[in-house]
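Novice: no sequence on this one, just coordinates:
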């Protein structure tokens, strides 16, 4: 899970702002939830050392925010789930990383979570992540360092229709128009969590196209692969990775029949190259 930034979860295709090549076709899409969560591989919470600062005219009792992180690994292209725990309920919780705000959501009376997608282009190194809890005019802040390492990305070499590598002039206006529309979608996420339980794979089986792979189409370098490909015969039912609302369901130049689902708080699923769409915007 992560925002529209280029990061991944093998359970589902993460929305990417990159385009430039085909995905694997995968038949008729009927969106149904499955109960078995896929993200069981995301595990191993690590308690982080944090620095607390009380602001305002007073501080919370035992002013402390405990931060824990849950991730498969802390490297380029991955997703990190932060859990912030306070000794007593708070009104709001803010989080920041990479010089931008992170969407937070309440888990229970004293626990909040935030999702952080690590872009494939993020330089390896140490980055500060901060959380700020506020209640009744009092504020407590906690910071920690996230040490990001380099990811391992392969290379895929494909022979595709020349129109996807060097689009004809009549298609350029359409491509630009669709690019603007897709960019606008990333700003329209619900400010609340719409997903429930764990995310699931859209189809059975493992992905056969690696996220982040450096792409070479017809001998020409293109942007890294922004999704995960699943090999499925035509007519295979496709499950929505989780609950959400349909933001887009129509044919696009590069990705064919495409469905974008908003799961809230900046988390999206993009399902591309569908043979049939059973949903509508």
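Specialist: Great, that's in hand. Treat the numbers as computed from the prediction; the structure is a model and nothing was measured.

Novice: count of residues packed around the residue nearest to residue 122 when sequence neighbours are not counted?
Specialist: Of all residues not flanking residue 122 in the chain, residue 76 sits nearest, at 5.7 Å (C-beta to C-beta, 6 or more residues apart in numbering). Quick note: C-beta positions are derived from backbone N, CA and C, even for glycine. Residue 76 has 22 neighbours, counted by other C-beta atoms under 10 Å.

Novice: same thing with residue 99?
Specialist: 7.

Novice: Give me the local confidence score for it.
Specialist: Note on residue 99: pLDDT of 94.

Novice: What separation do you get for it and residue 130?
Specialist: Applying C-beta to C-beta, to the nearest Å, the value for residue 99 to residue 130 is 11 Å.

Novice: can you tell me which residues contact the residue nearest to residue 122?
Specialist: Residues near residue 76 by C-beta atoms under 8 Å, 6 or more residues apart in numbering: 118-122, 124, 148-151, 153, 212.

Novice: what about residue 150, neighbour count?
Specialist: Residue 150, neighbours per other C-beta under 10 Å, totals 11.

Novice: How about the contacts made by it?
Specialist: The contact partners of residue 150, taken as C-beta under 8 Å, 6+ apart, are 75-76, 124.

Novice: Can you tell me how far it is from residue 121?
Specialist: From residue 150 to residue 121 the distance is 11 Å (C-beta to C-beta).

Novice: do residue 214 as well
Specialist: 12 Å.

Novice: So which of those two has more stuff around it?
Specialist: residue 214 (15 against 12).

Novice: Okay, and the beta partners of the more buried one?
Specialist: Assessed by DSSP bridges, residue 214 has beta-bridge partners residue 155.

Novice: you'd agree it is up against residue 153?
Specialist: Yes: between residue 214 and residue 153 there is a contact under C-beta atoms under 8 Å: 6.3 Å.

Novice: which neighbours do those two share?
Specialist: In contact with both residue 214 and residue 153: residue 224, using C-beta under 8 Å, 6+ apart.

Novice: Okay, strands next: where are they in the stretch 101-250 of the chain?
Specialist: Counting by DSSP state E, counting those that start in this stretch, one finds strands in the stretch 101-250 of the chain at the ranges 104-106, 111-117, 125-135, 138-148, 155-158, 214-217, 220-222, 245-252.

Novice: Report the strands that pair with the third one, each with its relative direction.
Specialist: Counting by DSSP bridges, the strands paired with strand 125-135 are strand 92-97 (antiparallel), strand 138-148 (antiparallel).

Novice: For it, give me every contacting residue.
Specialist: With C-beta under 8 Å, 6+ apart as the criterion, strand 125-135 contacts 60, 65, 67, 82, 84, 86, 88-98, 112, 114, 116, 139-148.

Novice: per-residue confidence averaged over it?
Specialist: 96.

Novice: how far does it sit from the chain's center?
Specialist: From the chain centre to the centre of strand 125-135 is a distance of 20 Å (C-alpha atoms, centre = their mean, to the nearest Å).

Novice: try the fourth one
Specialist: For strand 138-148, the separation from the chain centroid amounts to 22 Å (computed by C-alpha atoms, centre = their mean).

Novice: Can you report the mean pLDDT over the residues of it?
Specialist: 93.

Novice: tilt between it and strand 111-117?
Specialist: Taking axes from the mean of the first three to the mean of the last three C-alpha atoms, to 10 degrees, one finds strand 138-148 and strand 111-117 inclined to each other by 40 degrees.

Novice: Strand 138-148: which residues count as buried?
Specialist: Within strand 138-148, the residues that qualify as buried are 138-144, 146, 148, counting by 16 or more other C-beta atoms under 10 Å.

Novice: Next: stretch 149-160.
Specialist: 151, 153, 156.

Novice: Compute the first-to-last residue distance for it.
Specialist: Distance between the boundary residues of stretch 149-160 (C-alpha to C-alpha, to the nearest Å) amounts to 33 Å.
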